[in-house]
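Asks: got a structure for you, letters missing:
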């Protein structure tokens with residue numbers, strides 16, 4: 001039963017309550033598991049003018065590295081930068097005591113790269129989006 005006066009609001013571009021909810025879940029997870037070791041991971045590929053041409057974003061928590069984003073601009077693709085970013089993030093995660101890494105990708109993204117780096121598919125959703133597959137991969141260090 002909902003408390004009186006409460007309402008649900010749709011706010012897709014409001015980051016303030018998003019951070020509050022995310023922080024609330026993080027604090028709950030820490031309280032339940034006793035693992036306060038959450039830390040953001042952000043590596044960026046920059047050119048000589050300091051413009052961002054790609055990056056890797058994720059976090060470490062619970063002994064694992066979670067890679068949420070890896071992207072390289074077209075102008076910088078094909079030169080091993082994604083591998084370098086992955087290696088840097090994994091090395092950092094190992095220093096923080098992580099025993100593995102996990103990520104998600106689609107059939108039209110970088111699954112072959114991740115598999116070359118030692119990741120294995122542990123789950124998938126067929127036809128998401130229609131005509132493609134959504135993969136879940138992990139790598140134990």
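Replies: Okay, I see it. Quick caveat: nothing in here was measured; it's all calculated off a predicted structure.
Asks: the helices in the protein, which residues?
Replies: In the chain, the helices defined using DSSP state H lie at 15-33, 81-95, 111-116.
Asks: Out of the ones you listed, which one sits most buried?
Replies: Stretch with highest mean neighbour count among the helices of the chain: helix 81-95 (a mean of 17; mean count of other CB atoms under 10 Å). Yep, even glycine has a C-beta here, placed from its N, CA and C like the rest.
Asks: Would you mind pulling up the elements that it packs against?
Replies: Where contact means 3 or more CB pairs under 8 Å, 6 or more residues apart in numbering; DSSP states H and E, helix 81-95 is packed against strand 39-46, strand 52-61, strand 64-72, strand 100-106.
Asks: can you pull the buried residues of the third one?
Replies: What it means is strand 64-72. 64-67, 70-72 (16 or more other CB atoms under 10 Å).
Asks: Of those, which is the nearest to residue 51?
Replies: When those are compared for distance to residue 51 (CB to CB), residue 72 wins out at 13.1 Å.
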